[in-house]
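Visitor: Sequence and predicted structure below; questions after.
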Amino acid sequence: MSAPVPLLEAEAITRRFATLVANEAVDLKVMPGEIHALLGENGAGKSTLVKMLYGLLQPDVGRILWRGKEVSLPTPKAARALGVGMVFQHFSLFDALTVAENVALALDETAPLAEVSERIVEVSRAYGLPLEPKREVWRLSVGARQRIEIVRCLMQDPQLLILDEPTSVLTPQECDGLFATLRTIRGEGRAVLYISHKLEEVRGLCEAATILRLGRVVARCDPRAETAGSLARMMVGSNVGEVRRARAEGRAPVRLRVDNLSLASDDPQGTSLRSVSLEVGAGEILGIAGVAGNGQDELFGVLSGEARAPEAGNIVLDGEAVGWSGINARRRKGAAFVPEERLGHAAAPRMPLSDNALVTGHAAGGLARRGFLDRARMLGWVDAVTRAFDVRKGPRDPEAASLSGGNLQKFVVGREILHKPQLLVVSQPTWGVDAGAAMLIRQALIDLAAGGAAVLVISQDLDELFEVTDRMAVIFHGRLSPAYPTGELTREAVGLLMGGEGFAAPREEAA
Amino acid sequence: MPLVLEKRPAAGAAALILSPLLAVALTLASSIVVFWFLGQDPWRALSVYFLLPVSDFWGIQEVAVKATPLVLIAVGLALCFRSNNWNIGAEGQFLIGAICGGGVAVWTHGWGGPWVLPLMLVAGMAGGAAYAMIPAVLKTRLRVNEILVSLMLVYVAEFLLDWLVRGPWRDPFGFNMPQTVTFAPEATLPVLFDGGRMNLGTVITLVVVAVAAVVMARTVKGFEIKLVGDAPRAARFAGFDDKRLTIAVFAISGALAGLAGVMEAAGTVRQLLPGFSPGYGFTAIIVAFLGRLNPIGCLIAGVFIAITFIGGENAQIILRIPRDMTMVFQGMLLFYVLACDTLILYRVRRVAPARRVPT
Amino acid sequence: MTLAEAIFLTVITASTPLLLAAIGELVVERAGVLNLGVEGMMIMGAATGVAVAIVTGSSLAGVLAAIAAGMAMAAIFAVLTLGLAANQVASGLSLTIFGLGLSGVVGAPFVGIQREGIGKIPVPFLSEIPVVGPILFRQDPFVYLALALVVGVSWFLWRTRAGLVLRACGENPVSAHALGYPVLRIRLYAVLFGGACAGIAGSYLSLVLTPFWTSGMTAGRGWIALAIVVFASWLPWRALIGAYLFGGLIILQLHAQSAGVRVPSQFLAALPYLITIVALTAIMALRRSGGSVAPQGLGRPFVPDR
């Protein structure tokens, strides 16, 4: 008996970009009826590889075989014609268009919208993915948006479904729903290529894995036969350390208090905050978990002072009401902030790092005097952050956009920590960052708290929150749960809260 | 597609200077083709356009006279454009400045003193700034498109000037010509050299350029302007109020355009009349871009454009080329500047078709 | 024909160039491109149209030449903004400056040459309908074309797949690209269509409305067309209403002048521009609660990653 023919096979694929080799001689085999994991850290070349399998990029060298025959995939259309479907990490949806219009755009044959709507309803029933065809996308939750992506792929009757980090935006319960759908798909004899860096879910879901590191395949394995630790070692190439925790017991004085804060969002697509209260003490790290879009951005904005609180007393910093103070007034009082979005919010992409040091250091950081810039100190600040946080860069003062995600994140976190803040509010501290940088940043947060500062971490990454926080609360539809000691919480309990269980929320807003 | 754009890791410093020079060279090359097409001797035409205007001291003074309003307006526009505020109604603010300052001259005609000129300059700046406030306030309050509003106001200003010089402000002894009285000596800017037309306005402009250059390169305010334009969210994160900045840069550019207007009235034309501006407010947009939105760059670009302005007038007389040709060259120059700017941000890469590994 | 009918007739005539240019720009902006060069494309259409019509003696040749001129101008814009990802605002401005200059050069030999305008074509039967008939159906071909374009563009954008794809490119070019649509090519077609419309609009000015050439004869109509697109919230039917409102205003102003209203003529002449500002302000004040309706990707350069 001859060996079964792989559904899809990539042979010796190499793809270069201007400065780096994203894929080098990568081989990949996906069998029919298999959920195959593509594992790797951020920047390992996973996205580049699947873009080539979906016809969005062309390999410089190498070939792609479909059921044993060599094929060329000049466009996504060609890939879809073969039977390849893809669900993107950053959804490729059009907010202003309806669900049906979004699906119609992804279909290769022209069909009237009414017919498309019917088929959406059919497919969404068959796979347990509820959708309303006439809704405009901007009104939908993140989970529903992902369902659109999956439904529109399934309507093409694909033999291979590629999912790029699908669970990073879902609650644990939503993840379970997705896994059930994927198992149904596998049961129909279709294959799934599942891209992730979450090891536990790969072990539970996939029966084969290809692991990439720095653009090369470093291992192939059956993840069910591995441990999370062994998978991590293959991914990172060395033992992943664990952050050190040394914690003083007992409650210290409250540094930040938020008192019954409600804030209507002025963005129609935003989330309004509803009577949020919290306290962070000196030496403590408070975590706020939640699925994206539940009011995290609004909370960060009002805590930092980019948005004004309705009442000054809503936010109290070291005993002083600062709800009406601007962001620089809060910085002068010893607060520091790191927003979620690195490029464009925390840093100006096309400005050098020295100018980016000035972004948060011009008013309270001593980088300017009487309105005039102190270039020497700005550069000195860059050097100091570079040393303390191991920021890897070519020239001394490059543009922010030229740094890798991890290095830029180390810079924007380090830029604040070097000011020795008494309060640090940080959103998504290690989003899309390689393991080494993530560990360094988490350690820095713990060390900062150990030195007596209050730290508030807003994150969607439960692993991260369990690793660094002392207490944890969950944000859902603009409401904040009470904070519980992290040691007393389980992932299941947090997951239920993230899905809205236990919130005395009026039902009409749970649409 | 065989050619694609690829982002450069960092802007080449040399490209920043090289790109406008390349744009000028390409414009010259294109103009040779155009002249040849028009049946002109290209070399003679080029010398009429670019060399004749600077061939003697009188000519150089004329260049300075033309460059002064262009540079002054362009410096203000550069601040606006840098911060992503598209004030393209500088022509209107220029006219309103001239009207406000000129109004002082008309009003005080016959009884003024040495205080008239300073009052005129202040009135011109205030008028230009106030006029620029209209699009700025509408933009910050209601997010009304500032491009359209500022542009519409140019037409309004033109009609206002037209009405004034044909109606209430017409020179009673002017043989019914649509113009005001010729300003009294105390209402005119002193010339720098006897017999020339270069006046104090040029000196004021140089001072403004120097101040603006220092502000942009060395102060937090300059940093704020650049940051608001480059990354508005990061600017809010830095604690800068983008609405207040919008108001401020519109006010500054309006004041500078108004100052240019009143100095043109008080220094060069010495009266108000319709068609008083040869489109300085629009040409200054080109100057601002050619000067890379940098005050010193605007100075250099303004001088260059002023030369083509005079060259265009010469060409009309000597070569019978329509004066509109100057605008064609200016538009072309801006095309090339924009195209060359792409070379700073991106590099053009050839994409080779996929090669196969030997099997 | 009654006076009211005559006024309506002239209102439609005055509105048509605005409508033609606005509907073209509407498609361009729906595709996510902001072309501020409408004025420049329009005046090139006017100059080329009249020049070719005089040289060949054929109005049709003039109109076709105007379309070609508008598209050629649009092509320059496309090279800059699509091919080279240049700033769209600056590119549009330079297109206008370039067009104003070049039209002066092209039109110089033809200044003041009067020729007969393109006549009206009554639609059989329909033109016999009382009141509405003479106003709507005894018009020149451009009026019919403009109305047909409103219907056609509206149908195209909301009833065809190509229209859906074009809107998708304007909303989110990155996603459209990810789905495999050739964003830049679609935008190119839209920009060229906008150029053709502006070219026709220009030729209407120089071949019908004032059948001769004067330098700068568009007098800001291209800019008003841009304002109409915003005013219309990017909807073709509202562009129709907007254009006819502005056209009515221009005629009202002319009639007021000739009727000797005791207001200086310059104030009346400035009225359309002032009303444009008022209209833009009013629409933004009304829209304040609803958020932005502009295409999300409007004005942002798009560069496909490889």
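Guide: Received, thanks. No experiment lies behind these values; they were computed from the predicted model shown.

Visitor: Based on its surroundings, how many neighbours for residue 28?
Guide: In the absence of a named chain, this looks at chain A. For A:L28, the neighbour count with other CB atoms under 10 Å in any protein chain shown is 21. C-beta coordinates here come from the backbone N, C-alpha and C atoms, glycine included.

Visitor: Sorry, I should have been clearer: chain C.
Guide: Residues near C:V28, counting by other CB under 10 Å: 28.

Visitor: quick one: C:V261 is in a helix?
Guide: No. Counting by DSSP: H, G, I helix; E, B strand; the rest coil, C:V261 is not part of a helix but coil.

Visitor: Quick one: residues contacting it.
Guide: By CB atoms under 8 Å, 6 or more residues apart in numbering or on different chains, C:V261 lies in contact with C:L268.

Visitor: now swap in A:G366 and tell me
Guide: Residues counted as contacts of A:G366 (CB under 8 Å, 6+ apart) are A:374, A:377.

Visitor: 10 Å instead?
Guide: Contacts for A:G366 (CB atoms under 10 Å, 6 or more residues apart in numbering or on different chains) come out as A:374, A:377, A:381, A:419.

Visitor: and of these, the nearest to B:G103?
Guide: Using CB to CB, A:D374 is the member of these that lies nearest B:G103, at 45.6 Å.

Visitor: Averaging pLDDT per element, find the lowest-scoring helix or strand in the chain.
Guide: Looking at chain A here, since you left the chain open. When each helix and strand of chain A is scored by mean pLDDT, DSSP states H and E, helix A:228-236 comes last, with a mean of 81.

Visitor: hmm, I had chain C in mind actually
Guide: Scanning chain C with mean pLDDT, DSSP H and E, the lowest is helix C:132-137, at a mean of 70.

Visitor: re the thing from before, by neighbour count, which of the contacts of A:G366 wins?
Guide: Counting neighbours by other CB under 10 Å, the top entry in those is A:W381, with 24 neighbours.

Visitor: Would you check that A:A483 makes contact with A:V280?
Guide: Yes. Between A:A483 and A:V280 there is a contact under CB atoms under 10 Å: 9.0 Å.

Visitor: Spell out which helix or strand contains residue 161, please.
Guide: All of this refers to chain A. strand A:160-164 (DSSP states H and E).

Visitor: my question was about chain B
Guide: Using DSSP H and E, B:L161 sits within helix B:146-166.

Visitor: Could the C-alpha coordinates of the helix or strand that comes right after that helix be exported in CSV?
Guide: Following helix B:146-166 in sequence order, the next helix or strand is helix B:200-218 (DSSP H and E). Extracted C-alpha coordinates of helix B:200-218, given in CSV (Å, rounded to 0.1, in the frame of the first residue of the first chain):
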residue,chain,number,x,y,z
LEU,B,200,11.4,96.4,4.7
GLY,B,201,9.0,93.6,4.1
THR,B,202,11.9,91.4,2.9
VAL,B,203,13.7,91.9,6.2
ILE,B,204,10.6,91.2,8.2
THR,B,205,10.2,88.0,6.2
LEU,B,206,13.7,86.8,6.9
VAL,B,207,13.2,87.4,10.6
VAL,B,208,10.0,85.3,10.5
VAL,B,209,11.8,82.5,8.6
ALA,B,210,14.5,82.4,11.3
VAL,B,211,12.1,82.4,14.1
ALA,B,212,10.0,79.7,12.5
ALA,B,213,13.1,77.6,11.8
VAL,B,214,14.1,77.7,15.5
VAL,B,215,10.6,76.9,16.6
MET,B,216,10.3,73.9,14.3
ALA,B,217,13.7,72.5,15.1
ARG,B,218,14.3,73.3,18.7
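
Visitor: mind checking how far helix B:200-218 is from the chain centre?
Guide: Distance of helix B:200-218 from its chain centroid, counting by CA atoms, centre = their mean, to the nearest Å, is 15 Å.

Visitor: same deal with stretch A:97-105?
Guide: Distance of stretch A:97-105 from the chain centroid (CA atoms, centre = their mean) equals 25 Å.

Visitor: got the buried residues for it?
Guide: Burial within stretch A:97-105, assessed by neighbour count using 16 or more other CB atoms under 10 Å in any protein chain shown, is assigned to A:97-105.

Visitor: Indicate whether it makes contact with chain C.
Guide: Yes. Stretch A:97-105 reaches chain C (CB under 10 Å from any CB of the partner chain) through A:97, A:101-102, A:104-105.

Visitor: Show me which of those residues is closest to B:V165.
Guide: A:L97 (54.2 Å).

Visitor: So the closest one is in contact with A:W138, correct?
Guide: Yes. Between A:L97 and A:W138 there is a contact at 9.3 Å, judged by CB under 10 Å.

Visitor: which parts of chain C sit against chain A?
Guide: Contacts of chain C with chain A, taken as CB under 10 Å from any CB, map to C:158-162, C:164-165, C:167-172, C:174-182, C:289-297, C:304-306.

Visitor: Buried among those residues? Need that as a selection in ChimeraX.
Guide: Buried members of these, defined by 16+ other CB under 10 Å, are picked up in ChimeraX with:
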select /C:164,165,167,168,169,170,171,172,174,175,176,177,178,179,180,181,182,294,295,297,306
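
Visitor: Pull up the pairing partners for the strand holding A:L161, direction included.
Guide: According to DSSP bridges, strand A:160-164 forms sheet pairs with strand A:84-87 (parallel), strand A:191-196 (parallel).

Visitor: What about B:Y131, how many residues nearby?
Guide: Per other CB under 10 Å, the neighbour tally for B:Y131 reads 29.

Visitor: Equivalent analysis for B:F193, please.
Guide: The burial count for B:F193: 11, using other CB under 10 Å.

Visitor: check which helix or strand covers the residue nearest to C:A294 when sequence neighbours are not counted.
Guide: Ranked by CB to CB, 6 or more residues apart in numbering or on different chains and with sequence neighbours excluded, the top spatial neighbour of C:A294 is C:W234, at 6.7 Å. For C:W234, there is no host helix or strand (DSSP H and E).
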